[in-house]
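K.L.:
got a predicted model here, sequence first, then my questions.
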Amino acid sequence: WQMSQSNFAENSLYRTKWVEKRQSINESLWSPDNDKFYVFGNFNGNFSTNAKIISISNENVESFELSSYLLILETDLSLILPFVQQLQQKFMTEKIHLFFITNNAICSNVSSPKEAGVWGFARTLRLEMANWFVSCIDIDDVSKIFSNLLLKDEPEQVLRNNIISVPRMVALTDSFESNKKLSQGAYIITGGLGYLGFHLAKKMAVNGANDIVLISSSRNTLPTEMLGDDLVKKFRVEKCDVSDFIQVKKLLERCNNLKGIIHAAGVLDGGVISNLDYSSYERVYKPKVSGALNLDHLTSNLNLDFFVLFSSIASRFGSPGQSNYSAANMVLDSIAESRNYNGLISLSLQLGPWIGGGMLENEQTMNRLNNVGIKTLHVNTGMNQLLKLCMTREESIVMFCPIEDKKLSLSIQAVAKDCLLYTSPSPR
């Protein structure tokens with residue numbers, strides 16, 4: 001659980017490595033021939049198993065037996081949320097085994113990126129309901145979920161061709177040096193008048209970008225007082241709702257020689273899972289997920305220098321009180337993987353908190369993150385690295401966040417079931 005100490009850049013960059021694991025039948029998570037399974041979602045009795053399977057819903061949630069396993073095959077969070085809330089009402093203080101099953105939603109061969117939101121939701125549920133065993137399993141054929149040997153002590157598993165892989169967080173040992181220069185073309189930054197988007201835009205202008213299009217859903221004026229006279233001419237502001245496909249299409253038609261996109265738009269609408277309604281998920285998903293999907297679809301035929309999605313460490317660890325935000329950012333990560341799988345350039349950046357602004361900037365949140373080993377970034381020291389990351393083609397997903405490794409690993413051991421940290425740094 002120890003990670004070697006390193007300098008700022010090295011100790012701030014991580015990726016998830018999926019490690020193959022094998023086991024014997026004696027170590028398997030469950031025995032389909034002997035255990036009882038409750039299933040929430042439409043399975044049509046189509047499993048390759050003789051296991052005893054019982055359908056469960058909001059109406060008969062009290063029938064669940066604590067000694068059994070509960071599988072959630074449903075991937076629509078509008079249906080999952082009220083069902084989980086029913087479970088919380090009935091079994092808030094009990095120990096239950098809950099498994100979220102998705103199909104090609106993450107990791108590799110991604111064909112259903114929106115299903116990845118289930119993983120972000122589950123990661124937050126795991127933190128909010130520490131007495132529950134909450135697991136995520138992504139499989140290439142859901143009907144064969146019982147015909148694979150699953151691992152007892154791994155809450156997150158991916159199955160491809162009957163081979164199990166588990167996630168390990170690996171420190172990157174270099175700083176993503178990039179010799180690429182910004183092209184003479186247009187660069188779009190959604191959320192461009194927000195804290196991170198605007199600071200990154202200024203860094204891009206200083207480094208050679210001459211046509212930076214800042215997208216805002218509510219404003220169309222440039223804060224010229226925050227720019228020098230030599231930089232003002234490099235910017236323009238466009239008012240656009242990136243969740244609206246037609247508006248995004250018209251926006252792109254006004255951008256000649258588009259060379260790069262940074263999707264930094266987002267909103268927060270927090271609350272613990274037991275108190276949320278689905279409208280809060282819709283509000284968070286609208287700019288982040290719908291915006292990303294629109295940009296993805298409408299630029300898939302373009303030769304871009306980069307296509308960058310601003311995700312969050314909340315997608316990787318979960319975030320108490322922010323299940324909708326965790327879910328939305330997990331979808332962004334999966335969109336990046338899907339694009340790269342299909343030969344399109346893309347990077348999702350799981351960003352940590354920034355001093356001075358950003359989505360997670362408030363004293364209570366900062367203190368909570370600091371207590372578990374997650375440190376803050378600052379524009380004076382982190383923006384150069386952020387721009388380099390935007391221009392790299394080395395990874396699909398990179399976490400950019402200073403971490404106090406020992407404190408974080410101890411926190412995860414206590415709360416998140418030992419699944420996240422890999423024991424040694426690794427080069428790309």
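P.N.:
Thanks, I have the structure now.
K.L.:
all strands of the stretch 51-200 of the chain, in order?
P.N.:
Here the stretch 51-200 of the chain has its strands, by DSSP state E, counting those that start in this stretch, at 52-55, 69-72, 97-103, 133-139, 156-160, 163-171, 186-190.
K.L.:
which intervals of this protein have sub-threshold pLDDT?
P.N.:
1-10, 23-27, 44-46, 48, 173-179, 357-363, 365, 405-428 (pLDDT under 70).
K.L.:
related to what we said a few turns ago, closest one to Gly318 among the strands of the stretch 51-200 of the chain?
P.N.:
strand 133-139 (9.4 Å; C-beta to C-beta). Just so you know, the C-beta spots here come from the backbone N, C-alpha and C atoms, and that holds for glycine as well.
K.L.:
tilt between that closest one and strand 156-160?
P.N.:
Calculated by axes from the mean of the first three to the mean of the last three C-alpha atoms, to 10 degrees, strand 133-139 forms an angle of 20 degrees with strand 156-160.
K.L.:
just want the angle from the host helix or strand of Leu387 to strand 186-190.
P.N.:
According to DSSP states H and E, Leu387 maps onto helix 379-390. Interaxial angle, helix 379-390 versus strand 186-190 (the same axes, to 10 degrees): 120 degrees.
K.L.:
now the strands of the stretch 51-200 of the chain in TSV, with distance to Asn257 and mean neighbour count?
P.N.:
TSV is the format used below for the strands of the stretch 51-200 of the chain (distance: least, C-beta to C-beta, whole Å; neighbours: other C-beta atoms under 10 Å):
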stretch	distance to Asn257	mean neighbour count
strand 52-55	55	14
strand 69-72	46	23
strand 97-103	38	22
strand 133-139	38	23
strand 156-160	39	22
strand 163-171	37	19
strand 186-190	6	27
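K.L.:
columns distance to Ser147 on top of those, output as a markdown table?
P.N.:
Output for the strands of the stretch 51-200 of the chain, formatted as a markdown table (distance: least, C-beta to C-beta, whole Å):
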| stretch | distance to Ser147 |
| --- | --- |
| strand 52-55 | 14 |
| strand 69-72 | 14 |
| strand 97-103 | 14 |
| strand 133-139 | 10 |
| strand 156-160 | 10 |
| strand 163-171 | 13 |
| strand 186-190 | 44 |
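K.L.:
Val372 is nearest to which of these?
P.N.:
Val372 sits nearest to strand 163-171 of all the strands of the stretch 51-200 of the chain, at 13.8 Å, using C-beta to C-beta.
K.L.:
name the helices or strands packed onto that closest one?
P.N.:
strand 13-21, strand 156-160 (3 or more C-beta pairs under 8 Å, 6 or more residues apart in numbering; DSSP states H and E).
K.L.:
can I get these in CSV with distance to Leu387?
P.N.:
Converted to CSV, the helices and strands packed on strand 163-171 look like this (distance: least, C-beta to C-beta, whole Å):
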stretch, distance to Leu387
strand 13-21, 14
strand 156-160, 31
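K.L.:
which residues does Leu66 contact?
P.N.:
Applying C-beta atoms under 8 Å, 6 or more residues apart in numbering to Leu66 gives the contacts 91, 94-96.
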